[in-house]
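Colleague: All I have is the shape, not the residue letters:
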């Protein structure tokens, strides 16, 4: 089995229709932690849907407190500080 290098990971992600820029400019390491690829992809989607900063969206996507609730959770107030979570969740549901 060969070792995957960062360039190889980028090529693999592009082959899977996941932008290679997904891991760029944020504190994600797809080689060390494969779920960071999912976090970064979800952050990209969220930042486009509600027009927020991609880094803020990445920080909002976190590990859940209870692993039985899923692999990742999104802390809504971090997406748009000062916004009420109910308003933001309604906006997300409407746009999705």
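Modeller: Noted; the coordinates are in hand. These figures come from a predicted structure and were not determined experimentally.

Colleague: CA only for contacts and neighbour counts going forward, please
Modeller: OK.

Colleague: Give the buried residues for stretch 56-66.
Modeller: Neighbour counts over stretch 56-66 (16 or more other CA atoms under 10 Å) mark 56, 57, 58, 59, 60, 61 as buried.

Colleague: pLDDT and secondary structure added to those, as TSV?
Modeller: Formatted as TSV, these follow (pLDDT from 0 to 100; DSSP: H, G, I helix; E, B strand; the rest coil):
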residue	pLDDT	secondary structure
56	87	helix
57	88	helix
58	88	helix
59	87	helix
60	90	helix
61	89	strand
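
Colleague: Please identify which of those is nearest to residue 37.
Modeller: Residue 37 lies nearest to residue 58 out of the buried residues of stretch 56-66, by CA to CA, at 10.6 Å.

Colleague: And the closest one, how far from residue 49?
Modeller: Per CA to CA, to the nearest Å, residue 58 is found 14 Å from residue 49.

Colleague: What of residue 42?
Modeller: 11 Å.

Colleague: Show me where this structure dips below the pLDDT cut-off.
Modeller: Along the chain, the parts satisfying pLDDT under 70 run over 1-33.
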